[in-house]
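Novice: Output the structure for:
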Amino acid sequence: MRAPLRPGRSVASALTLAVSAALLFGSGAAALVYQIAWQREFRLIFGSSTAASAAVLAIFIGGTGAGSLLLGKRADAHPRPLRLYAALELAIAALAAISPPLFDLARAAYRSVGGTFHLGMGAGTLLRLLLAALVLGAPTVLMGGTLPAAVRSVAPASDARRRVVGLLYAANTLGAVVGCTSATFGLLEALGTRRTLWAACAANAVVALLAWALSTPSRTSTMQHAARAPHAQAPANVPTPPSTEPAPPPVPAPVPVPVPEAAPSPAEAPPLPSRFVLAFAALSGFVFFWMELVWYRMLGPLLGGTVYTFGLILAVALLGIGLGGLAYGATPRRARATSGGLALTCAIEALGLAIPFALGDRIALLALAVRPDAGAPLTHYLPGWFAITAIVILPAALVAGVQYPLLIALLGAGREQVGRHVGTAAACNTLGAMAGSLLGGFILLPGLNAVGSWRAVVVALVLMGLAAWLYPARACLRASSDDLRPAHGRAWRRLPLAAPLLMALALLALAADGPTAAFRHSPIGAGRVDAVYLSTPAFARSFLQSAREVIVWETEGRESSVALDATDGLAMVVNGKVDGNARGDASTQVMGGLLGAALHPAPESAMVIGFGTGSSAGWLAAVPSITRVDVAELEPAMREIGARCAPVNHDALRNPRLRMLVGDAREILLTVPARYDVIFSEPSNPYRAGVASLFTREYYEAARSRLNQGGLFLQWVQAYEIDAGTLQTLYATLGSVFPHVETWYIGWHDLLLVGSMEPPRHDARALRARLAEQPYRDALALAWRTESLEGFLAHHLAPPAFASAFMARPGQAVNTDDRNQVEFGFARHVGHFSSVDDLFTPLRKDGSHRPVLLHDDVDWARVEEERLFQIAGDGTEPEVPENLAPDQEVRAQAAVNWVAGNIDGALAKWQFQERAPLSINERSLVAEGLANAGDDAALPIIAALERTHPLEAGAHRARLTFRKGDRARAATQLAQVFTGLRADPWPSTSVIGRALTLATDMATAAPPGQPGVSPDPVARLLFDALEQPFSVLVLEQSRKLTRVAIARSQAEHDLCVAAFAALEPHPPWDREQLDARRTCYARWNHPLARDAARDLDRFDACHDLRGWLFCL
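Specialist: A predicted model of the protein is given here:
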């Protein structure tokens, strides 16, 4: 019989709950800031590898789980659990505040024993775990006890569904959202890591003191009394503290009436055993953390992969969990926690993951649609980023937030042992989370890949849901009582059908293709995809088809998603961003390291940070004086890329002088005792999460400690998507360690900062002699397309005096491990097509860009012309200076026309002056122009070009022969060029691209022939010559389309079948090509004839609103 309600008790109970929720909100915000700060600190000690991060995460999660288990029971027994909560929070704040010096001690200890490279992976991992436990063990264990204590302090005795657990869990998690977003989007950049940590400590201490003040005896009595309202007496086994309020009037006790003991009703779900519930809690933690790894891998390409990306993913996941907890807390008071409800949460969560999976590449298109125009401020990106993240993450995370308090409710009701139940469930959940993080990162994700893991998580949730859904019937079937046997049928019939129906829908959704290469490997987040693809459904489908077709290899690496894009030469794609093209970026990758070796008087050892295509390390290892090249590479999958790029990297992996060290570059520099004459740091773009730690003062100090006397440190820096302030910070940071910083261009969008302890003084005569030796001579000719010291010096941009003056400008700041401004500065400029060229242009006008040279016999006028023609040879239109002589200006205009593909115009400009071509690019320009005019004056120039680029010369010779009317001989010459390109990747891609067009012209210069007659011999010769890919897949798409064009010129023959088959299964989404494909396959009875007809029909349906539904 219920006691009468006391006035104001419900209000007091609500107020108590609100206060407790506010306290947990604050502590949740502080805890998330701690986690982010601690992870950043440990990343600087152990490195950013998956193994290092996993060790830290294991201690963090394991500590909170252990704390939940140990302190949950104590919360039940404590007379004032709110006082316990306050003490825990105060201790956490104190321990977090003293963690920075502990990190310094851990760094010294880890470095002193040599880390994993000295101890080995097993012992090194144990050391990481030990050091992480020493720093994080105590505060994380205490963190695990805060939620059980807070719940125990306010949980009402009659809360059968334990809705209060959901509400407090939600408050704590929503506080974590605030902590995550404030740290990611503001505090870390403004304050740095440690001051952000201390700010969180201060906030946490305030929470603790407020909780302490509220836990005084009088307030505690009131709060506990309110916690038991509005219902009658607490169960007998719950201690009731003495009350100072007047007792209510006595209520007569009811007369006891004997009631026969009834058997359990089969219509009601029997309670789940605690072992089942706890196992379920562990599995839910496992699958959620596994899926979280998938989210990080999958969403990085769409959102940019910056520090903001990962903070946003975590914040949205926490937001969903928090909202789920609120939703659980808002359930009706009389609702019961049942196994059917648990099954339903699994079904909805599975469907919440399966729907975005089925949407697949449509989400990628949406990400493109919501991306603002280039140059927009960060705040304009956030709504679109949030929308994409919410679609993928929020539904499943929201259900997970409902599921956690539901599991605790399945362990018991009301206040009875609520602390122990919360703690035990949290411990099992975190144990599963640890397993999901470790197994998911090291085994499941690499083994199944991200898309396969996404599917597997959905299946796992369905299986978990089925287990919960079937458990009541299982219990009935296993019952031995005869009274229960007639109820078996009713038990099956009355099982709720919503859960299995939703599970079936989730599994059905998995039949979709899911995310493809257009989602996984397209640089949408980096702003590299044009929004014009969204103008019509046909254009959108064209983008999807192209993005899928160009990926020729992909793998789920231990650290990253890695792929090879064959659009125009093998390009390595890491987490959706092209990090280097084997041929297109050769000027940077080949010459970046060799430049340092050329400038050093006697290099014997070198280190390269980042293996990539292997070109930097491979060419350095080919220098005769260098006996050892160590390469620090984080991702083991890069070995496969290096093997496939052997034709451009001097077969790096087969060179015994080269040693690959798989691990984090910072850890290697700090723990491997070797010293070097040249260190070339060529990581990915600094905006990528974690990469900016390779652009800090502490990193440069570590590099300096590994240089021999007179050694050179070379830092690659992008010259695009960067503002002057961030570049100034980079100069100031490098200059704070190396007092002399030279600036070079290695590619025309890539800077190389050369730091040294002594002023650079280069001997022109010695340099000229060295550059005539191998491998420098070949590298200059192939990568920079020059043969002279003048061509080499054309890449010198500024002497150390520029760096000193630039660093002295107002507002300079040094980038440090603690306050990494470069990371955030680059992240804000992703997709902003800005440049810093204007900083260096004035230097060339007065000659102050020149290096300090001994024995200066350099032709500086030729240096300027070499610079213009090398820019043109790199495929970029050069900016013509204003101070050129008339003959220099017309040569520069010739270069501009040549880049634009106007070879006749280029020749016309060149012929306005009299000097013979001197450089490789000048020879190629003039030879191609004369050949196109059918002028035999091209022959001696072609012969000169043949010394360095025989296939390029052969293409010009074939053009000359064709223009002179000898079609058959020209085809033979051109076919020899195409065959040679299977082994030689170095001819100009612009020249070879025009040679492919020439091949089409040759093939179409004759009639298509008659049915039953062999194809035109010229067309057949060229068609067969283009059958195999060129080396490192240079111009791969152009090669395939040229074969199609040649085949279509021979319409009466079946060449088209082989040509179109090479484009399957993702043919170009162009109506003319699709129509020709359908006609070809139909005529020659190809098995794909029906598919070709269907694709054409689908294309025709892509031009109205229906296309957005059916075309994609």
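Novice: What pairs with the lengthiest strand in the chain, parallel or antiparallel?
Specialist: Using DSSP state E to define each element, the chain has its longest strand at strand 707-718. Counting by DSSP bridges, the strands paired with strand 707-718 are strand 676-681 (parallel), strand 750-756 (antiparallel).
Novice: quick one: average pLDDT of the longest one?
Specialist: To tie it back to what came earlier, the one meant is strand 750-756. Across strand 750-756, pLDDT averages out at 95.
Novice: which parts of that strand are buried?
Specialist: Neighbour counts over strand 750-756 (16 or more other CB atoms under 10 Å) mark 750-756 as buried. Heads up, the C-betas are built off the backbone N, CA and C, glycines and all.
Novice: would you list those residues in CSV and tack on distance to W469?
Specialist: Listed next are the buried residues of strand 750-756 as CSV, based on distance: CB to CB, whole Å:
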residue, distance to W469
D750, 58
L751, 61
L752, 62
L753, 62
V754, 66
G755, 64
S756, 69
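Novice: Tell me the one of the residues you listed nearest G137?
Specialist: G755 (39.9 Å; CB to CB).
Novice: How about the closest one, nearest residue that isn't a chain neighbour?
Specialist: Excluding the flanking residues, the one nearest G755 by CB to CB, 6 or more residues apart in numbering is F738, at 3.0 Å.
Novice: list the helices and strands the longest helix seen in the chain packs on?
Specialist: Selection of the longest helix in the chain by residue count, based on DSSP state H, yields helix 9-46. Contacts defined by 3 or more CB pairs under 8 Å, 6 or more residues apart in numbering; DSSP states H and E place helix 9-46 against helix 50-77, helix 81-97, helix 99-112, helix 121-144, helix 146-154, helix 163-182, helix 193-214, helix 217-228.
Novice: Run the angle between it and helix 193-214 for me.
Specialist: 150 degrees (axes from the mean of the first three to the mean of the last three CA atoms, to 10 degrees).
Novice: What mean pLDDT does helix 9-46 get?
Specialist: 85.
Novice: by how many degrees do it and helix 99-112 diverge?
Specialist: Using the same axes, to 10 degrees: helix 9-46 against helix 99-112 is 30 degrees.
Novice: Would you mind listing the buried residues in helix 9-46?
Specialist: Quick answer for helix 9-46 (16+ other CB under 10 Å): 9, 12-13, 16-17, 19-21, 23-38, 40-46.
Novice: Stretch 323-339: end-to-end distance?
Specialist: The straight-line separation of the ends of stretch 323-339 (CA to CA, to the nearest Å) is 22 Å.
Novice: and that stretch, how far from the chain's centre?
Specialist: Here the centre of stretch 323-339 is set off from its chain's centre by 37 Å, with CA atoms, centre = their mean, to the nearest Å.
Novice: what sits up against it?
Specialist: 160-164, 166-171, 173-174, 269, 272, 397-406, 409-410, 468-469, 471-472 (CB atoms under 8 Å, 6 or more residues apart in numbering).
Novice: next one: stretch 807-826
Specialist: Contact with stretch 807-826 is made by 44, 188-189, 191-194, 306-307, 685-687, 691-693, 695-699, 721-723, 725-726, 728-733, 735-736, as judged by CB under 8 Å, 6+ apart.
Novice: Quick check: which of the strands paired with strand 707-718 is nearest to T116?
Specialist: With respect to T116, and counting by CB to CB, the nearest of the strands paired with strand 707-718 is strand 676-681 at 20.3 Å.
Novice: Give me the distance between the longest helix of the chain and the centre of its chain.
Specialist: The chain centroid and the centroid of helix 9-46 are separated by 28 Å under CA atoms, centre = their mean.
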